[in-house]
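Visitor: 3D, please:
(chains A and B)
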Amino acid sequence: EADIYQTPRYLVIGTGKKITLECSQTMGHDKMYWYQQDPGMELHLIHYSYGVNSTEKGDLSSESTVSRIRTEHFPLTLESARPSHTSQYLCASSENLGGGNTIYFGEGSWLTVV
Amino acid sequence: SQKIEQNSEALNIQEGKTATLTCNYTNYSPAYLQWYRQDPGRGPVFLLLIRENEKEKRKERLKVTFDTTLKQSLFHITASQPADSATYLCALAGSGNTPLVFGKGTRLSVIA
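Guide: You can find the predicted model right below:
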């Protein structure tokens, strides 16, 4: 069982609102990730972090921002939500970067912007 | 550009049969290939990892093959059960410190 937690699980917000999706892991992993997944579609990496004070953009451009002030915490923020941001956001972590490492995912945050 | 294709969006098989899922890739030379299971509304869960110099990996009823010549991985579930019904994702990464890239997944339904 992965020790990675996301809140909220489900959220409906209005256009223009600011939203922060929380992600915490208790495994002490340095590497953390945010993926975006629309229903029936592939996971797209939008942000990742090598460790504290490190953030990188993924292969899918996103208007969201992330921060990594503590090892265990990797929140994602949308300053002004739009309907196009409606999606599932999955947080994940791994001990190291690279394909030889298992990625542990949270349960996901379903965001609906109306 | 790099592309990962998983054979079909959905696969239906009878309970007890072997399910075979395909992952093909182009414009890519992965050093690692991983398979994950994703249930509806949940995050993916790791199943198996295979390296480029390995031909086959097994874990209980699961078997993965990796053919770098054909640029293909096959994922087998033997003696399938209705509880195996889920979406199965393949993911690839190069040899460096690069994040995994995921395929779209194949939705498997095992019918009792």
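
Visitor: for chain A, which residues are neighbours of chain B?
Guide: Contacts of chain A with chain B, taken as Cβ under 8 Å from any Cβ of the partner chain, map to A:2, A:33, A:35, A:40-43, A:45, A:48, A:58-59, A:90, A:92, A:96-100, A:102-108, A:110. C-betas here are computed from N, CA, C, even on glycine.

Visitor: among the residues you listed, name the buried ones.
Guide: The neighbour count (16 or more other Cβ atoms under 10 Å in any protein chain shown) marks A:2, A:33, A:35, A:42-43, A:45, A:48, A:58, A:90, A:92, A:97-99, A:102-108, A:110 as buried among the residues of chain A next to chain B.

Visitor: now, which of those lie within strands?
Guide: Members of these lying in strands (criterion: DSSP state E): A:33, A:35, A:45, A:48, A:90, A:92, A:104-105, A:110.

Visitor: what does chain B put close to chain A?
Guide: Neighbours of chain A within chain B, by Cβ under 8 Å from any Cβ: B:4, B:9, B:30-34, B:36, B:41-46, B:49, B:51, B:89, B:91-105.

Visitor: out of those, which are inside strands?
Guide: Secondary structure defined by DSSP E assigns B:4, B:32-34, B:36, B:45-46, B:49, B:51, B:89, B:91-93, B:101-102 of these to strands.

Visitor: center of chain A - which residue?
Guide: A:W34 (3.0 Å; Cα atoms, centre = their mean).

Visitor: hmm, that residue is touching A:S87, no?
Guide: No. Shown here, A:W34 and A:S87 do not form a contact pair, counting by Cβ atoms under 8 Å, at 11.1 Å.

Visitor: what's the local residue count around A:K17?
Guide: 13 (other Cβ atoms under 10 Å in any protein chain shown).

Visitor: check contacts around it.
Guide: Applying Cβ atoms under 8 Å, 6 or more residues apart in numbering or on different chains to A:K17 gives the contacts A:80-81, A:113.

Visitor: also B:S109?
Guide: Contact analysis of B:S109 by Cβ under 8 Å, 6+ apart lists B:10-13, B:85.
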